[in-house]
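Enquirer: Just the structure for this:
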Amino acid sequence: MAELPRGFRLLVVVTTLGLGGTERHLAAVLPELAARGARIRVVALRPDREMADVLAGRGIAVHTVRSGRGRLGPVAGFFAVLWHALAFRPHAAHFFLPEAYLVGGLATLVVGPNRRVMSRRSLNTYAAAHPRAAGIERWLHRRMDAVLGNSRAVCDELAAEGAPAERIALIPNGVVTGPAGTPREAVRARLGIAPDALVILCVANLLPYKGHADLIEAFARARAALPNAVLVLAGRDDGLGVAVMAQAEARAVIDHVRILGPRDDVPDLLGAADLFALASHEEGLPNAVIEAMAAGCACVVTAVGGSPEAVGDAGLVVRPRDPAALAETLVQLGSDAALRATLGRRAAVRAAERFSLEACVERYVALYAGLAAGRLPAELAPMAT
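Expert: Next up is the predicted model:
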């Protein structure tokens with residue numbers, strides 16, 4: 001087991017500490033690193049507080065840049081990171097999410113720690129709309145000591161952007177899962193769902209790239225073959241809620257769709273579900289899928305980013321933006337309880353072996369300790385299958 005250097009100080013720079021996957025990842029990982037002896041300071045460039053409060057409650061120092069969004073935000077963030085780098089004197093700085101990478105990466109080149117690490121947790125489709133920022137990212141890649149992806153698909157993109165191969169490493173997400181705290185029947189009753197209904201669950205914020213429109217269309221097509229099916233959507237409404245409801249009404253499935261908003265009872269929802277579906281158009285490595293696998297849910301995902309890597313042979317994969325193919329797969333799984341049970345068992349084993357929080361934290365520790373000792377990231381967290 002790798003050990004962090006004595007007194008190791010880590011500065012984490014992140015764009016936001018709201019309710020996204022990266023933020024939840026940090027809320028799980030950073031307290032575990034602190035328990036291994038790391039002194040950690042987090043600088044968040046935007047004022048979202050949900051995961052900031054979780055981290056602070058577990059003893060992690062969190063500092064939020066007051067100006068947050070707007071034109072002055074990056075400037076204020078630059079000087080905030082500069083100040084914290086001088087005051088905290090970290091051994092390493094780690095940047096999560098694009099804005100934090102640009103702001104923190106540039107600031108710590110002026111004055112900063114001995115080692116710099118960036119993590120990308122999604123595909124780089126955002127870069128097309130921001131060519132100047134993408135150019136700065138490529139320039140920064142060559143000045144990082146470690147360039148991390150959470151899936152092979154992300155790592156391949158980093159290599160294509162010019163990140164030195166020996167500095168690229170793969171650290172998959174690690175998730176914390178627990179058993180459902182409420183019996184399956186009680187959860188269904190609370191949601192107004194019959195005990196014998198086929199529950200298809202999707203946990204994803206309502207963003208265009210998460211493919212909710214495709215999922216609603218596929219569900220509508222599958223309803224004739226799955227008359228007792230109910231589609232449950234959990235996640236923050238980032239502007240699509242009205243459109244999703246309108247589409248469900250237009251496709252005459254509004255009475256069979258539950259839109260729950262953000263939830264803190266995802267384990268209960270997974271325990272009440274029969275299968276999990278994510279119709280994303282792009283992904284890095286979706287935590288929601290890994291959590292569903294860990295709960296023993298049979299999963300259907302689209303062939304984007306790290307989603308196929310996540311499920312492997314423990315789930316079904318369909319083309320993105322193809323509601324007809326997704327509908328066929330929903331019918332296949334929804335009609336075959338034995339197949340769902342088989343895939344669910346495989347999924348739970350795969351999640352435990354590949355995506356546990358313990359394994360993830362161990363890889364971070366090995367990375368930081370190795371960098372401190374002058375070893376290359378690819379030797380410590382290679383892009384293994």
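Enquirer: Please make it C-alpha for all contacts and neighbour counts, starting now.
Expert: Will do.
Enquirer: residue ranges with poor pLDDT in this structure?
Expert: Along the chain, the parts satisfying pLDDT under 70 run over 1, 67-71, 177-178, 380-385.
Enquirer: how about the strands in it?
Expert: Assigned by DSSP state E, the chain shows strands spanning 9-14, 39-44, 61-64, 92-96, 115-120, 146-149, 168-170, 198-203, 229-234, 257-261, 275-278, 298-302, 315-318.
Enquirer: Switch these over to CSV, and while doing so, append distance to Gly192 and mean neighbour count to every line.
Expert: Converted to CSV, those look like this (distance: least, C-alpha to C-alpha, whole Å; neighbours: other C-alpha atoms under 10 Å):
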stretch, distance to Gly192, mean neighbour count
strand 9-14, 39, 24
strand 39-44, 39, 23
strand 61-64, 40, 18
strand 92-96, 39, 24
strand 115-120, 39, 23
strand 146-149, 40, 27
strand 168-170, 42, 26
strand 198-203, 12, 24
strand 229-234, 10, 22
strand 257-261, 9, 17
strand 275-278, 18, 26
strand 298-302, 23, 26
strand 315-318, 28, 22
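Enquirer: what's the closest of those to Glu358?
Expert: Closest of those to Glu358 is strand 168-170, at 15.4 Å (criterion: C-alpha to C-alpha).
Enquirer: who does the closest one pair up with?
Expert: If you go by DSSP bridges, strand 168-170 pairs up with strand 146-149 (parallel).
Enquirer: residues in contact with the strand it pairs with?
Expert: If you take C-alpha atoms under 8 Å, 6 or more residues apart in numbering as the criterion, strand 146-149 is touched by 116-121, 141, 155, 158, 163, 167-172, 376-377.
Enquirer: how close does the residue lying farthest from the centre of the chain sit to Arg115?
Expert: Among the C-alpha atoms of the chain, the one most distant from their mean position (C-alpha atoms, centre = their mean) is that of Ala224, at 33.5 Å. Distance, Ala224 to Arg115, using C-alpha to C-alpha, to the nearest Å: 57 Å.
Enquirer: And Ala225, by the same measure?
Expert: For Ala225, the distance to Arg115 - C-alpha to C-alpha - is 56 Å.
Enquirer: And Ala56, by the same measure?
Expert: 25 Å.
Enquirer: Next: Ser335.
Expert: From Ser335 over to Arg115 (counting by C-alpha to C-alpha), the distance is 53 Å.
Enquirer: Look at Gly21 and say how many residues are nearby.
Expert: 18 (other C-alpha atoms under 10 Å).
Enquirer: Isn't it up against Asn287?
Expert: Yes - counting by C-alpha atoms under 8 Å, Gly21 does reach Asn287; the two are 6.4 Å apart.
Enquirer: wait, what's in contact with Ser280?
Expert: Applying C-alpha under 8 Å, 6+ apart to Ser280 gives the contacts 209-212, 301-302, 304, 320.
Enquirer: Output the residues you listed in a markdown table; the columns should cover distance to Val62.
Expert: Output for the contacts of Ser280, formatted as a markdown table (distance: C-alpha to C-alpha, whole Å):
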| residue | distance to Val62 |
| --- | --- |
| Tyr209 | 30 |
| Lys210 | 30 |
| Gly211 | 33 |
| His212 | 34 |
| Val301 | 35 |
| Thr302 | 36 |
| Val304 | 33 |
| Pro320 | 38 |
